[in-house]
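Colleague: I would like the atomic coordinates for the input below:
(one chain, ligands or ions: 1)
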Amino acid sequence: MKTELRLGIAGLGTVGANVAQLIERKSDLLAERVGRSIRITAISARDRSRNRGFDTDGMRWFDDPVALAREAEIDAFVELIGGSDGIAREAVEAALKRGIPVVTANKALLAHHGLELATLAADNGIEILFEAAVAGGIPIIKTMREALSGNEVSRVYGILNGTCNYILTRMEKEGLTFDACLADAQMLGYAEADPTFDIGGFDAAHKLAILTSLAFGSQISLESIFIEGISKITIEDIAAAAELGYRIKLLAVALKTDSGIEQRVHPAMIPARSSLAQVDGVTNAVAVDSDLLGSILLAGPGAGGAATASAVLSDIMDVAGGFVPPTLGLPAARLQPYHRARMRAHEGGYYIRLSVLDRVGAFASIANRMAENAISLESIVQRKADRKGEGTAPVILVTHETTEAAIRSALEALRNDGHLSGEPQMIRIEDLD
Ligand code: HSE
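Modeller: Down below sits the predicted model:
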């Protein structure tokens, strides 16, 4: 048997503690599978006194994770602190500069600095592994980087934020308000420390930025992602979606278009019969369309201690077994510069819900503005006004395929016509099987 693999772990929250417990509990099995034993020799966390359910004998304690990464006698560094900058980034850079491979679950760090870090790793003859950074326990990184390596990917998309999917599912199934569902998601520990990261779409965007690079061999470009969160989705939209044969999900999508790569995170109406529409609650799912394989869908737990630890453990085992592919699939220097397709060029169908003042000419203004912008309507429904006289009537439109630019221009003109009470609601429709 080869010499043991000595690990340093920084960050012993739910995931870190789970990883350490698994390494203790499954030590014989892991050693048998990778041909060497795996031992944690150094740890660092915020609070030294807490019992985390594993034996810390023989592990050197560091108050400072950066010092651990810089000085500890280790063969691999596991970063489970989180955050795009600060000590997590410093500690990862310190390990890489020593030529020590890094295993991390830190999506924000990779989304913001992935290219620099992959380059630093390659310059030092090692790589970064990050299976746990996207969709928790779902093995999507290895699938894209290794199993699909001979494919050309045309689109990658999915439900990448469990908190949003949990909220939308409960609003739909139980008719609960957005705020009540968010409070439950926080209580159950799904949400990020700052829940605006989840509901604003930023957590999903971090994950998408990484998937896009793997899908298209491009440099990571978080700043090119169009991001819209779920906080404006109402029970009325969810009910209208159901009537129209759709469900509303926070979708993250990256696809190749004629004008470049389109990356977007936003609430989308997806066909109620599609596979992705069946993904409920905190579950995540990622779909990949590629030339040889067609469409695949991976679904499973996107968060949680044991599931995320499963992904971290698989990376640790890859390091132990000497199987360490390039961080982002290609050597960092060969990743292509990112070419962004503008969101205004996005093509698709749209759902629009208007609150229209119940007066002569209001409906004509809608029809005119749609026609002026060459938007063809698939359906239009006006419900009865809420009171006699000049009340407001909900009008729901579904368009045929058009462009984002046309929709924005039509909605702007409608606002200026003065027949609306309140902001129009617009939700993109995603064409899925
Ligand atoms: N807050 C994240 C989610 C957890 O809700 O999916 C994992 O990134």
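Colleague: the least confident helix or strand in the chain by mean pLDDT near the ligand anywhere?
Modeller: Of the helices and strands making up the chain, the lowest-confidence element is helix 178-187, at a mean of 89, by mean pLDDT, DSSP states H and E. No: Helix 178-187 does not reach the ligand (Cβ under 6 Å from any ligand atom); its nearest approach is 7.4 Å. Yep, even glycine has a C-beta here, placed from its N, CA and C like the rest.
Colleague: quick check: residues of this protein near the ligand?
Modeller: So the chain meets the ligand at Gly136, Asn161, Gly162, Thr163, Tyr190, Ala191, Glu192, Asp198, Asp203, Gly302, Ala303 (Cβ under 6 Å from any ligand atom).
Colleague: and Ile43, what helix or strand is that in?
Modeller: strand 38-44 (DSSP states H and E).
Colleague: check which element follows that strand along the chain.
Modeller: Next in line after strand 38-44, if elements are assigned by DSSP H and E, sits strand 60-62.
Colleague: that next one packs against which elements?
Modeller: strand 38-44 (3 or more Cβ pairs under 8 Å, 6 or more residues apart in numbering; DSSP states H and E).
Colleague: can you list the neighbours in contact with the strand it packs on?
Modeller: 4-12, 20, 23, 27, 30-31, 56, 58-65, 67-68, 72-74, 316-317, 320 (Cβ atoms under 8 Å, 6 or more residues apart in numbering).
Colleague: pull the distance from it to the chain's centre.
Modeller: 30 Å (Cα atoms, centre = their mean, to the nearest Å).
Colleague: residues of it that come out buried?
Modeller: Neighbour counts over strand 38-44 (16 or more other Cβ atoms under 10 Å) mark Ile38, Arg39, Ile40, Thr41, Ala42, Ile43, Ser44 as buried.
Colleague: where does this protein have low pLDDT?
Modeller: Low-confidence segments of the chain (pLDDT under 70): 1, 388-389.
Colleague: so for it, the centremost residue is which one?
Modeller: Closest to where the C-alpha atoms of the chain average out (Cα atoms, centre = their mean) is Ala204, at 2.7 Å.
Colleague: and Leu357, how close does it get to the ligand?
Modeller: According to Cβ to the nearest ligand atom, to the nearest Å, Leu357 and the ligand sit 39 Å apart.
Colleague: who does that residue form a beta bridge with?
Modeller: Taking DSSP bridges as the rule, Leu357 bridges to Thr392.
Colleague: that one against Thr392, yeah?
Modeller: Yes: judged on Cβ atoms under 8 Å, Leu357 makes contact with Thr392 at a distance of 5.9 Å.
Colleague: which residue would be the closest one in the stretch 1-150 of the chain to the ligand?
Modeller: Gly136 (5.7 Å; Cβ to the nearest ligand atom).
Colleague: distance of the residue nearest to that residue when sequence neighbours are not counted from Arg383?
Modeller: Once flanking residues are discounted, Gly136 sits nearest to Gly302: 4.2 Å by Cβ to Cβ, 6 or more residues apart in numbering. Distance, Gly302 to Arg383, using Cβ to Cβ, to the nearest Å: 37 Å.
Colleague: quick one: which of these two has more around it?
Modeller: Applying other Cβ atoms under 10 Å to Gly302 and Arg383 shows that Gly302 carries more neighbours, namely 29 against 11.
Colleague: I figured that one hits Val279, correct?
Modeller: No: assessed by Cβ under 8 Å, Gly302 is found out of contact with Val279, at 9.8 Å.
Colleague: for stretch 417-427, buried residues please.
Modeller: His419, Leu420, Pro424, Gln425, Met426, Ile427.
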